[in-house]
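Student: predicted structure and sequence below. I'll ask about it afterward.
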Amino acid sequence: MTIKKGYTSQSIHTPFSKKDAHNSLHMPVYDGVAYEFDSAEEIEEAFMGKKFAHAYSRTSNPTVEHFENKLKAVTEASSVIALSSGMAAISNTFLALVESGANIISSNHLFGHSYALLKSTLQQWGIEVRFVDMSDLKEIEKNIDGKTRAVFFETITNPQLEIIDIAAVAKLAHAHNIAVVADTTVTPPYVFKSAKFGVDIEVMSTTKFISGGAAAVGGAVVDNGTFNWSKLPALNKWVANFETKAFEFRVRKEIFRHLGGCMSAHTAHFLNLGLDILALRLDKCVQNCIELGRFFKEHNKVKLVRYPGLKGDEAYALAQTQFGGKPGAVMTIDLASQEECYLFLNRLQMVRRATNLNDNKTLIIHPWSTIYSEFSEEERAEMGIRKSMIRISIGIEDAEDLINDFKQALEAI
């Protein structure tokens, strides 16, 4: 009898693809570059894709493979591909899905580098991106035509903290044979079962929640196995040979292999460790978010508080439905001005001024002047970035200590 395992049990007990020679309980770090075969026939089968085997660590590696298998187990996906960063995951995905002359529909409320990839880089390669209000189904449908190949959004926008009705968007996209791609970095598989809501492809920065303490930069592409890839011209020839695995094999055997965005064995080692304790850390972060949200709401210097897990937040209902009331650990507050934001940031003692998300440490940044500083003021306004906004990534410290630090910093304004 097969026993259904929960998230953490599934992650911890994902079996190795091969028995370890020394019966190690943890997957060793395979730093080797090349792997020997017993015969010429075996190496031919490996290179032809007839039999899986590691040949060269830029294309596959045992430690990386184990991370992929663990993530596949907890997502219940068809396949997982590990890459060198979250941006590598996004770029590899779109280069596999979309041919020159086609278009993608997305929101301009995105992480700054994701927006720049869509706005500048992909368009230079002949891929049009149409930016719409992703909460408006009529506007999405109005922008769909015979060249639309994918709809792309963040499950919770960073740092605007907006949430759309994912199932409704997916239903519309699928009615037009369009693939649904979601950046799920802020809502990892412990809290979001993407296939249930119609997402075909997940892209994520494993640098964030999964790494477990910002120890390694990485990314992953998760194929839920739910889309008919014959509907996309870019994958037609791959469907003929690989059928339901067409997307995975195009990424692995062409895009990923040619661009070289491979994950290192040491990165996979850290991610294997982080994936096992993700649920424990995220639960603590969410608890801290709720307590901090209540504190900020009661403070007269704070003009606006956004966290979808707080009752009264405009995205609260969708956060409950789609993420089980655990919508990540990013929150924003607004003060009266940019000057007040700087005074506040400079006064903090324990909270770190840094630009990552979902570290074990609580991190804080002023998005307008940092991660969005390369955009014009008009573009920043269109993207929902305000001079008065501060983004906080809540860590696993004791909530009382965080509140005390924020309190003394606010008193300095």
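Tutor: Yep, that arrived.
Student: isn't Leu137 right next to Ile166, touching?
Tutor: No. At 11.9 Å, Leu137 and Ile166 do not qualify as touching, with contact defined as C-beta atoms under 8 Å. Just so you know, the C-beta spots here come from the backbone N, C-alpha and C atoms, and that holds for glycine as well.
Student: of these two, give the one with the bigger neighbour count.
Tutor: Comparing Leu137 with Ile166 by other C-beta atoms under 10 Å, the one with more neighbours is Ile166, at 22 against 16.
Student: just the helices in the stretch 301-413 of the chain please.
Tutor: 316-323, 338-347, 377-382, 399-410 (DSSP state H, counting those that start in this stretch).
Student: so can I have CSV of those helices showing mean pLDDT?
Tutor: Formatted as CSV, the helices of the stretch 301-413 of the chain follow (pLDDT from 0 to 100):
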stretch, mean pLDDT
helix 316-323, 97
helix 338-347, 98
helix 377-382, 92
helix 399-410, 98
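Student: save those as a markdown table, and put in distance to Val191 and mean neighbour count too.
Tutor: Compiled in a markdown table, the helices of the stretch 301-413 of the chain are given as follows (distance: least, C-beta to C-beta, whole Å; neighbours: other C-beta atoms under 10 Å):
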| stretch | distance to Val191 | mean neighbour count |
| --- | --- | --- |
| helix 316-323 | 5 | 19 |
| helix 338-347 | 29 | 16 |
| helix 377-382 | 29 | 13 |
| helix 399-410 | 20 | 16 |
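Student: so for Gly49, which of the ones you listed sits nearest?
Tutor: helix 316-323 (36.7 Å; C-beta to C-beta).
Student: quick one: pLDDT of Ser11?
Tutor: Looking at Ser11, its pLDDT stands at 87.
Student: kindly report the same for Thr2.
Tutor: So, for Thr2, pLDDT stands at 58.
Student: swap in Thr59?
Tutor: Thr59 is assigned a pLDDT of 86 by the prediction.
Student: element containing the closest residue in space to it that isn't next to it in sequence, please.
Tutor: Residue nearest to Thr59 in three dimensions, not counting chain neighbours: Arg257, with 5.5 Å by C-beta to C-beta, 6 or more residues apart in numbering. Assessed by DSSP states H and E, Arg257 sits inside helix 256-259.
Student: CA atoms of the helix or strand containing Ala73 as CSV?
Tutor: Here Ala73 sits within helix 62-75, counting by DSSP H and E. Provided in CSV are the C-alpha atoms of helix 62-75 (Å, rounded to 0.1, in the frame of the first residue of the first chain):
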residue,chain,number,x,y,z
PRO,A,62,23.6,13.6,-9.8
THR,A,63,23.2,16.1,-7.0
VAL,A,64,21.2,18.5,-9.2
GLU,A,65,19.1,15.5,-10.4
HIS,A,66,18.2,14.7,-6.8
PHE,A,67,17.1,18.3,-6.2
GLU,A,68,14.9,18.1,-9.3
ASN,A,69,13.4,14.8,-8.1
LYS,A,70,12.7,16.3,-4.7
LEU,A,71,11.0,19.3,-6.2
LYS,A,72,9.1,17.1,-8.6
ALA,A,73,7.9,15.0,-5.7
VAL,A,74,6.5,17.9,-3.6
THR,A,75,4.9,19.6,-6.6
